[in-house]
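Chemist: prediction below, plus the sequence it came from.
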Amino acid sequence: QGRLVESGGGLAQAGDSLRLSCAASDRTFSNYDMGWFRQAPGKEREFVAAISRPDAPTTYSASVKGRFTISRDKVKNTVDLQMDSLKPEDTAVYYCNADLASYCSGSMCDALPGDYWGRGTQVTVSL
């Protein structure tokens, strides 16, 4: 079975940028919608962003919309998350997910996760 491997996490200061990348091990994942979730200490996992095809509309949670950008490269079989204007509340373990189903009600978007997860990458943002 294919794997998802995240990279790019680390330490940042408020206002900085980080770029996460998720590499899929096989082409099976090219058929799935892909996205990111995150989980902060003591909190439930939450949806961050989703993308289907590289040129398709993207979906973001209200907390990151306008600051984060998700992109997808089907040739490289990767999904990236560009995170700008980072805030301390963005501190969390970020997980790549495949086969998620995103949905929006007005400006509020969320997603049901798929069955495929990476192991996660830590992002820590300090003041």
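Modeler: Yep, that arrived. Numbers count the residues shown, from 1 in each chain.
Chemist: what about the helices in this protein?
Modeler: With DSSP state H, there are no helices along the chain.
Chemist: point to the residue nearest the middle of it.
Modeler: The centroid of the chain falls nearest to W36 when counting by C-alpha atoms, centre = their mean (2.3 Å).
Chemist: if I look at it, how far off is D80?
Modeler: In this view, W36 and D80 are 10 Å apart by C-beta to C-beta, to the nearest Å. Where C-beta positions appear, they are placed from N, C-alpha and C, glycine not excepted.
Chemist: likewise for P113?
Modeler: For P113 relative to D80 (C-beta to C-beta), the value is 19 Å.
Chemist: of the two, who's got more company?
Modeler: D80 (20 against 16; other C-beta atoms under 10 Å).
Chemist: isn't that one right up against F68?
Modeler: No. Judged on C-beta atoms under 8 Å, D80 makes no contact with F68 at a distance of 10.4 Å.
Chemist: which residues are common contacts for W36 and D80?
Modeler: 20, 22, 70 (C-beta atoms under 8 Å, 6 or more residues apart in numbering).
Chemist: quick one, strands of this structure?
Modeler: 4-7, 10-13, 18-24, 34-39, 46-51, 58-60, 68-73, 78-83, 92-98, 101-105, 108-112, 116-117, 121-126 (DSSP state E).
Chemist: okay, those strands in JSON lines with mean pLDDT next?
Modeler: What follows is the strands of the chain, written out as JSON lines (pLDDT from 0 to 100):
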{"stretch": "strand 4-7", "mean pLDDT": "96"}
{"stretch": "strand 10-13", "mean pLDDT": "98"}
{"stretch": "strand 18-24", "mean pLDDT": "97"}
{"stretch": "strand 34-39", "mean pLDDT": "98"}
{"stretch": "strand 46-51", "mean pLDDT": "97"}
{"stretch": "strand 58-60", "mean pLDDT": "95"}
{"stretch": "strand 68-73", "mean pLDDT": "95"}
{"stretch": "strand 78-83", "mean pLDDT": "97"}
{"stretch": "strand 92-98", "mean pLDDT": "98"}
{"stretch": "strand 101-105", "mean pLDDT": "95"}
{"stretch": "strand 108-112", "mean pLDDT": "96"}
{"stretch": "strand 116-117", "mean pLDDT": "96"}
{"stretch": "strand 121-126", "mean pLDDT": "98"}
